[in-house]
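Q: compute the structure for the input listed below.
(one chain, ligands or ions: 1)
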Amino acid sequence: MPMFSLLFVLVVMLGLGLRLWLRWRQVSYVRNHRDAVPAVFAEKISLSAHRRAADYTIDRTRFGGFENMGEAVIVLAWTLGGGLDALNRAWLALGLSPLLTGTGVLISAAVIMGLLDLPFTLWRTFVIETRHGFNHTTPGVFATDLIKQTLLALFIGTPLVLLILWLMQRMGGWWWLWVWAVWAAFTLGLAWAYPRFIAPLFNTFTPLDDGELRTRVGRLLDRAGFRSRGIFVMDGSRRSGHGNAYFTGFGRNKRIVFFDTLLNTLEPDEVEAVLAHELGHFRHRHVLKAMVLMTTLSLAGFALLAWLMTQPWFYADLGVHSPSTWSALLLFVIALPQFTYLLTPLFSWRSRRQEFEADAYARTQTGAAPLIQALTKLYRDNSSTLTPDPVHSAFYDSHPPASIRIQHLNAASR
Ligand SMILES: [Zn+2]
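A: You can find the predicted model right below:
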């Protein structure tokens, strides 16, 4: 077996081993802590709710293991298994121009990947979420979502793919700088347009204008310099019983969004605390920082792709027999995540640090108590485990474990 093929198989298999090991740790840890509510939550969360959360976590974590195995098989089938090579040959046989052949290969590959992912999504939604009482998605809503997402992806993706392939074929050795500029403009435009033009295609957003809340949050928003028209309630209950709140977008399209499911269970002072947390993300410019980081990383990514594209072994050792711009692009998209998976803990750590920053901001605005109450309700109602495995959590979790978050909030308020 050629050197790089061997390395690739090794990385895929080791990555799968690591994923399964982390899941096994999580399942064992949650199961071992299933019969006792942690002391901090003893008065607020019942043993039966704690056990429900454990069962839900175990169920999802186990199923994720099957997904990981499926993904590894799919990655190897696309590359060394000859999947991409076969798709490539089928399109080349049509005798279209390189630009149209490339666009055809990329779009049909995306459609096939989507179809392969579908059984997993269906199982998660209609078996696991339903079993634990969270699913509100009807088959009708699911089908409508799928059709809308596909049309939207084709509508936005096709011109982008055409433009990128055209630049790769026409701009010579420095094509990757051009493509990077297009990519950066595209992600920036998408982040700007998403809250206002895309998210409303799937959910209804209504301005939060409850009388008592409005007066309560007015001063908070003024202090943060956030225009109050940007706070919305989303009908999350259409699809699921899970509740959440998030901050998104920038410029005139920045928004703080509450799921209706969350809003229904929170008292006004708790809503204010969650809002203050989201304003913390706004004050610390977390959306902007994420975009700067992703744009910088994508520049390095395109430079790497530009080099790989000129290496015959990159194609041959990954199972593609006729090198082309589109095969390079597709191989890169399939193979790179296998290598960058090991960076996951770094990104998780960065995200958790930002959560602490947002919590700290909320504490200065509303005090620690209402945020702690809101978090407790959020964990309880979402059946999020209070006892995650520390290693699994350090590797994956974008939010710190509940007990540690509350510890930080309490320690700082003393
Ligand atoms: Zn947050």
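
Q: tell me how many other residues surround Arg19.
A: Arg19: 21 surrounding residues under other CB atoms under 10 Å. Where C-beta positions appear, they are placed from N, C-alpha and C, glycine not excepted.

Q: apart from its neighbours in sequence, what residue is nearest it?
A: Among residues not flanking Arg19 along the chain, Asn68 sits closest, at 4.5 Å (CB to CB, 6 or more residues apart in numbering).

Q: do you know how far that neighbour is from the ion?
A: Asn68 sits 27 Å away from the ion, going by CB to the ion, to the nearest Å.

Q: so what's that residue up against?
A: 16, 19-20, 23 (CB atoms under 8 Å, 6 or more residues apart in numbering).

Q: what parts of the protein come near the ion?
A: 355, 358 (CB under 5 Å from the ion).

Q: what ranges does the chain have for its strands?
A: Shown for the chain, the strands assigned by DSSP state E span residues 205-207, 231-234, 245-248, 255-259.

Q: what pLDDT does the residue nearest to Leu154 when sequence neighbours are not counted get?
A: Closest residue to Leu154 apart from its sequence neighbours, by CB to CB, 6+ apart: Ile107 at 7.3 Å. Per-residue pLDDT puts Ile107 at 96.

Q: from what I can see Ile107 touches Leu160, true?
A: No: if you go by CB atoms under 8 Å, Ile107 and Leu160 don't touch, sitting 10.8 Å apart.

Q: how about the residue lying farthest from the centre of the chain, what does it touch?
A: Largest separation from the mean C-alpha position in the chain: Gly95, at 38.3 Å (CA atoms, centre = their mean). By CB under 8 Å, 6+ apart, the contact list for Gly95 is empty.

Q: where's it relative to Gly104, distance?
A: According to CB to CB, to the nearest Å, Gly95 and Gly104 sit 12 Å apart.

Q: with Tyr56 instead?
A: Counting by CB to CB, the gap from Tyr56 to Gly104 is 42 Å.

Q: same deal with His281?
A: Where Gly104 is concerned, His281 sits at a distance of 41 Å (CB to CB).

Q: likewise Leu96?
A: Going from Leu96 to Gly104 by CB to CB gives 7 Å.

Q: so for those two, which sits in the more crowded spot?
A: Taking neighbours as other CB under 10 Å, Leu96 and Gly104 compare with Gly104 leading, 19 against 13.

Q: pretty sure that one is touching Ala93, no?
A: No: with contact defined as CB under 8 Å, Gly104 does not count as touching Ala93 (11.2 Å).

Q: sorry, back to before: so what's the residue nearest to Leu154 up against?
A: By CB under 8 Å, 6+ apart, the contact set of Ile107 is 154, 157-158, 161.

Q: how about Phe250, what does it touch?
A: So Phe250 contacts 191-192, 287-288, 291 (CB under 8 Å, 6+ apart).

Q: how close does the nearest residue to Thr248 once chain neighbours are set aside get to the ion?
A: Residue nearest to Thr248 in three dimensions, not counting chain neighbours: Pro195, with 5.0 Å by CB to CB, 6+ apart. Distance, Pro195 to the ion, using CB to the ion: 16 Å.

Q: what count of nearby residues applies to Pro195?
A: Neighbour tally, Pro195, other CB under 10 Å: 22.

Q: could you check the pLDDT of it?
A: In this model, Pro195 carries a pLDDT of 89.

Q: same question, the one 10 residues further on
A: For Phe205, the pLDDT comes out at 92.

Q: residues near it, how many?
A: Neighbour count of Phe205, defined by other CB under 10 Å: 16.
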